[in-house]
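**Q** only geometry, no sequence info:
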């Protein structure tokens, strides 16, 4: 079916090209001055299209929650019980869906949300007990994790299901991207590598425990990737 | 158990570091002036160690043949019959093991050996009907595929089981490495990407057919990988 994707103008070129290569139309917007929700709603109204938000939607969360289902099922096939899941968050849909699945299927498993240290709105919200934004002037190489605060739909779920919030530095994220390159042979974008970064940086105890890490994206521009591999980041 | 790996001195640094990080000892040799077979035999004799050759051994071929078993089994689970398998070769152990598995389990599947165009000793041997070396002065970015001619143990198998030999240029290999990066999110070393390169370069017909491609290694130095991503290769 026809699809139009509303993307921030600073999205990786490889991500924009990827959408176009699959036949998708792209509408770029300015992350700092425009509202993608308003743009999406207007386009959906004009075209009679279905709006699929990136996270703040129960169906989107349910779909992303199949990651949690797979984690519990595949760990069980290996005879393991997962002690903790590490998953990044922007608006919190992926980690929220995973939290829901794990809560039902493996209630003793702890789910942690991992964020770039400057975009720590989930960590702040969990500590405050209410939806809270991150600090001002935030920058990060994790372009996919820049939502200003937890979603309206995701937050009530995440508030209940998440064990806690952890943060990682850009340098730790770069280390994780390099680790995935050299040891896992996987291309992971910075925003997809925050869980692995938290694990490698020792943010939670691992001795004798089974930890599942969600690596959730590989849309990274070749130039940025090369700079990370050369340890320039 | 203790392990000593005999590796060419021009092997990717990441590959050498990988062996050492797992506790392996490394003995480097000059690919052009020394015989790794002689070095390995001497070390095995001195230490009372078991010699595990890279390809010219029935057990090694059998182990590598499990790739063919997996291809046929997993294709069957998807309701597909594989029309052709594309797999690279240096000494021919991997493609030989795959050929044996496929011959038994899926006799109508054609197995093609893919080589860098300058290291086309399998293609030449298949055409000549006997073990033949590649041309002189060969160079390639595929450091893992530089054996001088088909193995003594692998050749009688490959002669019978292979449908034919195809070659790819370094530029086609670089294209395949970039494709794997951007579309598959997999880090594949040049020598591991020859099968994908042959597919993308249209070396065999694909319309309406099911093709299995073996991507068989990710040990590539970050600097070379970055140069490939920047299309300098």
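**A** Structure received. It should be emphasised that the depicted structure is a prediction, and the values quoted were computed from it without experimental measurement. Numbering: from 1, shown residues only, chains lettered A, B, ... in the order given.
**Q** contacts and neighbour counts: CA atoms only from here.
**A** OK.
**Q** near chain B, which residues of chain A are found?
**A** A:14, A:181-182, A:185-188, A:218-219, A:222-223, A:225-226, A:229-230 (CA under 8 Å from any CA of the partner chain).
**Q** let's see that with 7 Å instead.
**A** A:181, A:185-187, A:218, A:222-223, A:226, A:229-230 (CA under 7 Å from any CA of the partner chain).
**Q** mind giving me the ChimeraX command for buried ones among these?
**A** Selection command for ChimeraX covering only the buried members of the residues of chain A next to chain B, criterion 16 or more other CA atoms under 10 Å in any protein chain shown:
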select /A:181,185,186,187,218,222,226,229
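**Q** next step: the residues of chain A next to chain B restricted to helices.
**A** Judged by DSSP state H, the residues of chain A next to chain B include A:222-223, A:226, A:229 as members of helices.
**Q** just put these in TSV and tack on pLDDT.
**A** Formatted as TSV, those follow (pLDDT from 0 to 100):
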residue	pLDDT
A:222	93
A:223	92
A:226	94
A:229	95
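**Q** of the residues you listed, closest to residue B:106?
**A** If you rank those by distance to residue B:106 using CA to CA, residue A:222 comes first, at 39.4 Å.
**Q** pretty sure residue A:137 is in a strand, no?
**A** No: Residue A:137 is assigned coil when assessed by DSSP: H, G, I helix; E, B strand; the rest coil, not a strand.
**Q** what pLDDT does it get?
**A** The model reports residue A:137 with a pLDDT of 85.
**Q** need the contact list for it.
**A** By CA atoms under 7 Å, 6 or more residues apart in numbering or on different chains, the contact set of residue A:137 is empty.
**Q** so how far is chain B from it?
**A** Counting by CA to the nearest CA, to the nearest Å, the gap from residue A:137 to chain B is 31 Å.
**Q** now that residue: how far from residue B:31?
**A** 54 Å (CA to CA, to the nearest Å).
**Q** again, but for residue A:67
**A** 46 Å.
**Q** so what touches the one helix or strand in chain A whose mean pLDDT sits lowest?
**A** Here the helix or strand of chain A ranked lowest by mean pLDDT, DSSP states H and E is helix A:13-21, holding a mean of 90. Outside helix A:13-21, the residues that touch it by CA under 7 Å, 6+ apart are A:219-221.
**Q** pLDDT score for the most far-flung residue of chain A relative to its centre?
**A** What lies farthest from the middle of chain A is residue A:46; by CA atoms, centre = their mean that is 29.9 Å. Among the per-residue scores, residue A:46 holds a pLDDT of 96.
**Q** checking my notes, it in a helix, right?
**A** Yes: assessed with three-state DSSP, residue A:46 lies in a helix.
**Q** related to what we said a few turns ago, so which of the contacts of helix A:13-21 is the closest to residue B:77?
**A** residue A:219 (29.7 Å).
**Q** so how do I select the buried members of the contacts of helix A:13-21 in ChimeraX?
**A** Restricted to buried positions by 16+ other CA under 10 Å, the ChimeraX selection for the contacts of helix A:13-21 reads:
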select /A:219,220,221
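**Q** and the host helix or strand of residue A:42, how far out from the chain middle?
**A** Element membership for residue A:42 (DSSP states H and E) is helix A:36-47. Distance of helix A:36-47 from its chain centroid, counting by CA atoms, centre = their mean, to the nearest Å, is 24 Å.
**Q** then stretch A:126-144?
**A** 13 Å.
**Q** stretch A:223-233 now?
**A** 21 Å.
**Q** again, but for stretch A:98-118
**A** The answer for stretch A:98-118 is 12 Å, by CA atoms, centre = their mean.
**Q** between the two ends of that stretch, what distance do you get?
**A** Per CA to CA, stretch A:98-118 runs 23 Å from first to last residue.
**Q** quick check: mean pLDDT across that stretch?
**A** The model assigns stretch A:98-118 a mean pLDDT of 97.
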